[in-house]
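Engineer: have a look; sequence and predicted model below, questions after that.
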Amino acid sequence: MTATGRDSARAAFGVEIDADGNVQVSGVIDIETGDALAYVVRAALSRADGSLVVDMSSVEFMDSSGLGVLLSLQAECARRGIELRVADPSPAVRRLAEITGLAGPLGADEPPDQ
């Protein structure tokens, strides 16, 4: 499952489920793209077994609405007994998570994968 969006003034948005069942996100996460992110993560969640990884290494920008989507999805996962983990957050994602004090709860405080 893949969702994409494009605005000529900014980076394209993309989200897809990879062969391992993890979610790969790229581009801009904001009020216009948050619903597509939530849709694909929920599709991956239906196949998840214990944990779900959302790779955010290619996210160029994320605003507070994107952060709200992640927190909502994390709560939904917790209700289902599944851990949602933000993996390899880009500098933009890491900065927003740190500024808001949510790096730890999102799992975005772990060092980047080497």
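Structural biologist: It's in. In this text, all values refer to a predicted model and were calculated from it rather than measured experimentally.

Engineer: residue contacts, the nearest residue to V69 once chain neighbours are set aside?
Structural biologist: Residue nearest to V69 in three dimensions, not counting chain neighbours: G34, with 4.2 Å by C-beta to C-beta, 6 or more residues apart in numbering. Bear in mind the C-beta positions are built from the backbone N, C-alpha and C, glycine included. Applying C-beta atoms under 8 Å, 6 or more residues apart in numbering to G34 gives the contacts 65-66, 68-69.

Engineer: can you check A38 too?
Structural biologist: When contacts are counted by C-beta under 8 Å, 6+ apart, A38 touches 69, 72-73.

Engineer: ok, V23 to G101 distance?
Structural biologist: 24 Å (C-beta to C-beta, to the nearest Å).

Engineer: what's the first helix or strand after the longest strand seen in the chain?
Structural biologist: Assignment by DSSP state E gives strand 51-62 as the longest strand of the chain. The first helix or strand that comes after strand 51-62 along the chain, using DSSP states H and E, is helix 64-79.

Engineer: so which residues of this protein form helices?
Structural biologist: Along the chain, counting by DSSP state H, helices occupy 34-45, 64-79, 91-99, 103-106.
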